[in-house]
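Trainee: Have a look at this prediction, sequence included:
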Amino acid sequence: MTPAGRREKLSELAPELLDQKKEKKTRERGLRELKNVGDNGVVMRFAPNPSGPLHIGHARAAYLNDYYVRQYGGRYVLRIEDTDPKRVEPENYGMILEDIEWLGLKITDVVYQSDRLDIYYSHCEKLLESGNAYVCTCDSAAFKTMKDNKKPCPCRDQTTEENMSLWEKMLDGTFPEGAATVRVKTGIDLPDPAMRDFSIFRIVETPHFRTDARVYPMMNFSVVIDDYLLGITHVVRGKDHIANTRRQGFIYDYLGWKQPEFYHYGRMSIGGLVLSTSAIKEGIRTGQYSGWDDIRLGTLRAIARRGIQAEAVRNSMIDIGIGQTDIVFSWENLFAENKQIVDPVANRYFFVTNPVKCSIKGAPSVTAKAFLHPNDESRGCRALDFNGKLYAPGDEIRDVSMVRFKDLFNVKIGNEGEKPSFEYSGDSLEDARKEKSPIIQWLPEHGHIKCTLMTPEGKTEGICEETVCNEKDRVVQFERVGFARIDSVSDSGIVAYFAHR
RNA sequence: GCUGAUAUAGUGUAGGGGCCAAUCAUGCCGGCCUUUCACGCCGGCGACUGGGGUUCAAAUCCCCAUAUCAGCACCA
């Protein structure tokens, strides 16, 4: 029974089921509800540290939080966590902002932690004064040994006055880097070693280009202060922070503050890809990668360059959701999302690899018309002139006796001695179908341009239609090859980056 | 080692005691449509980690095992 017949039959038997079916189809993707959402919606945050541009892992955090802000309304705070002078570089700030722009996040507030050191200091002093923190001057390795054996270090018993004076010495430069740290008193005999008297401030002598401090808060401290002061209501972050959440709980308690709601999603590994910023940096330095947007990388700028749309990334991330299961990121699924977005808009063009110039005997000179998009004829056609000769894909005219050049005509392929010969064989599409001739792409003798198709595996040289020059920065579909973003157009030809089939 | 988390088709997800011989997407296979091996449409394939327990009833609750992951940094 044909699909139409089925539908007709169903409408006779049970018309209400037709609607049901449609409903299923349009089911929209979504995430689970958040707990304790107030009348004013939510305040969420995205908090990258500026050690490099954003990558696909950041996109998950960014979009998950973004989703809820859009869902419930409220504010979305971008917080630049730049409290490690050793890992912040000026150019990264700009790249992060660009990446966020590309992602299309609904950011409402932007704060830099390096602007807020005084706030952290004053709250640290509160903890010191209430006896919930102390300045530890032990060697870090020695402390670790004591901590591992549930033994308190001598500094733990210092008086408030002693702690305050040591704190002053941290700030005024008396202590060199590494000589002192502030610890929260959580309990040195806690069953979980990760909870025991962890550090909340340290001395770093490396200069910071945005501030001239030498004492910096540790993430577990600054995050608590900021989340509370900025009114963050819900935090969605990776499960690598699950211990941090519990650590931060101590600080919330000591300060008498209520915690936001926390959600921790599972680890996401990205198959066959270098994500570590330090490794990428090294690769760029040695010339192994062309830059942060080298298409072999998982940075957002790299996947953007390949023609992956931000919306496709968003859909993928929402689809993955906030489950705590560890997952393997699927390029396949991302590509499918991207295709859904890009297919209706991408113009179609011919791309020919390994081009072979063919003279077609007995063929009339014609101008072929091919739709820019087969499902939207209103967009018009490309015109491809044929004047006796054309370029055919070398690999596809071997071992066949007849082909149809798409939108042109049929050609019989014979073998005269060593060289194949080509003979016009009519315009009839039916004939080609009858013969089961492959329908293949081709390019005019004049009116084509060199085109290099870049893929993560390497480059493919070929030629494509001249008018592709007008598609710079857009995604096109090279028929039977796949979708690609036109990256550059010059006299020497076109460079396109392959996205996916 | 200690602490904690998680385990549903190849991949990602839904389902949180009976409506589950388990959802949806992707993938793969077959068909239809088509001057692309695209898109669209139709059909099919494919999974509850294992073992105990609770219960009339367990993918769902409990315990154990196994596996994986995370944290135990003066990084974030």
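Mentor: Yep, it's here. Residues are numbered from 1 along each chain as shown, chains lettered A, B, ... in the order given.

Trainee: So A:Val69 is in contact with A:Met44, correct?
Mentor: Yes: assessed by CB atoms under 8 Å, A:Val69 is found in contact with A:Met44 at 5.2 Å. For every residue, glycine as well, the C-beta is placed using N, CA and C.

Trainee: Need the residues touching each of these two.
Mentor: A:75-76 (CB atoms under 8 Å, 6 or more residues apart in numbering).

Trainee: in stretch A:73-81, what's buried?
Mentor: For stretch A:73-81, a neighbour-count test (16 or more other CB atoms under 10 Å) marks A:74-81 as buried.

Trainee: Throw those into TSV and include distance to RNA strand B and pLDDT, thanks.
Mentor: Output for these, formatted as TSV (distance: CB to the nearest atom of the strand, whole Å; pLDDT from 0 to 100):
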residue	distance to RNA strand B	pLDDT
A:Gly74	22	96
A:Arg75	20	97
A:Tyr76	18	97
A:Val77	14	97
A:Leu78	13	98
A:Arg79	9	97
A:Ile80	9	97
A:Glu81	3	96
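
Trainee: Give me the subset of the residues you listed lying in strands.
Mentor: The strands, defined by DSSP state E, take in A:74-80 from these.

Trainee: ok, of these, which one's closest to A:His373?
Mentor: Lowest distance from A:His373 to those (CB to CB) belongs to A:Tyr76, with 36.2 Å.

Trainee: give me the number of residues near the residue lying closest to the closest one once chain neighbours are set aside?
Mentor: The spatial neighbour of A:Tyr76 that comes closest, neighbours along the chain excluded (CB to CB, 6 or more residues apart in numbering), is A:Val69 at 4.3 Å. Residues lying near A:Val69 (other CB atoms under 10 Å) number 23.

Trainee: Show me which residues of the helix or strand hosting A:Val69 are buried.
Mentor: Taking DSSP states H and E as the definition, A:Val69 sits inside helix A:56-72. By 16+ other CB under 10 Å, the buried positions in helix A:56-72 come out as A:56-69, A:72.

Trainee: any idea of the mean pLDDT in it?
Mentor: For helix A:56-72, mean pLDDT rounds to 96.

Trainee: and the angle from that helix to strand A:74-80?
Mentor: Going by axes from the mean of the first three to the mean of the last three CA atoms, to 10 degrees, helix A:56-72 is angled at 160 degrees with respect to strand A:74-80.

Trainee: So which residues lie in contact with helix A:56-72, not counting its own?
Mentor: Contacts of helix A:56-72 (CB under 8 Å, 6+ apart): A:31, A:34, A:37, A:41-42, A:44-46, A:48, A:54, A:75-76, A:99-100, A:103, A:105-106, A:234, A:236-238, A:265, A:268, A:270, A:275, A:298-300, A:303, A:313-314, A:317-318, A:320-322, A:329.

Trainee: Looking at those residues, which are in helices?
Mentor: In helices, judged by DSSP state H, the following of these are found: A:99-100, A:103, A:300, A:303, A:313-314, A:317-318, A:320.

Trainee: Give me the domain ranges for chain A.
Mentor: Annotated domains of chain A cover A:130-214, A:347-500 [automatic domain parsing].

Trainee: Reformat those as a markdown table; add mean neighbour count.
Mentor: Shown next, in a markdown table, are those (neighbours: other CB atoms under 10 Å):
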| stretch | mean neighbour count |
| --- | --- |
| domain A:130-214 | 16 |
| domain A:347-500 | 17 |
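
Trainee: Switch those domains over to a markdown table, and while doing so, append distance to RNA strand B and mean pLDDT to every line.
Mentor: Output for the domains of chain A, formatted as a markdown table (distance: least, CB to the nearest atom of the strand, whole Å; pLDDT from 0 to 100):
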| stretch | distance to RNA strand B | mean pLDDT |
| --- | --- | --- |
| domain A:130-214 | 3 | 94 |
| domain A:347-500 | 4 | 93 |
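
Trainee: Select, out of those domains, the one closest to A:Lys281.
Mentor: Taking the domains of chain A one by one with CB to CB, domain A:130-214 is closest: 16.8 Å.

Trainee: neighbouring contacts of stretch A:374-394?
Mentor: A:344, A:347-350, A:352-360, A:363, A:365-373, A:403, A:405, A:407-408, A:440-448, A:463, A:465, A:467.

Trainee: residue boundaries of the helices in chain A?
Mentor: According to DSSP H, the helices that chain A contains are A:3-13, A:15-25, A:56-72, A:90-103, A:117-129, A:140-148, A:160-172, A:219-229, A:242-255, A:277-286, A:300-305, A:310-320, A:331-342, A:429-434.

Trainee: Please tell me how far the fifth one is from the chain's geometric centre.
Mentor: Read it as helix A:117-129. 37 Å (CA atoms, centre = their mean, to the nearest Å).

Trainee: end to end, how far does stretch A:341-357 reach?
Mentor: 36 Å (CA to CA, to the nearest Å).

Trainee: repeat for stretch A:435-443
Mentor: 23 Å.

Trainee: swap in stretch A:382-390?
Mentor: 16 Å.

Trainee: how far is it from where the chain is centred?
Mentor: How far stretch A:382-390 lies from its chain's middle: 41 Å, per CA atoms, centre = their mean.

Trainee: Also stretch A:217-234?
Mentor: 26 Å.

Trainee: same thing with stretch A:309-328?
Mentor: With CA atoms, centre = their mean, you get 10 Å for stretch A:309-328.

Trainee: That stretch near RNA strand B at all?
Mentor: Yes: against RNA strand B, stretch A:309-328 shows contacts by CB under 7 Å from any atom of the strand at A:319-321, A:323-328.

Trainee: Just the buried residues of these.
Mentor: A:320-321.

Trainee: In TSV: the residues of stretch A:309-328 next to RNA strand B, plus pLDDT and distance to A:Glu125.
Mentor: Shown next, in TSV, are the residues of stretch A:309-328 next to RNA strand B (pLDDT from 0 to 100; distance: CB to CB, whole Å):
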residue	pLDDT	distance to A:Glu125
A:Asp319	94	46
A:Ile320	95	42
A:Gly321	94	41
A:Gly323	92	41
A:Gln324	92	37
A:Thr325	93	42
A:Asp326	93	40
A:Ile327	94	43
A:Val328	92	46
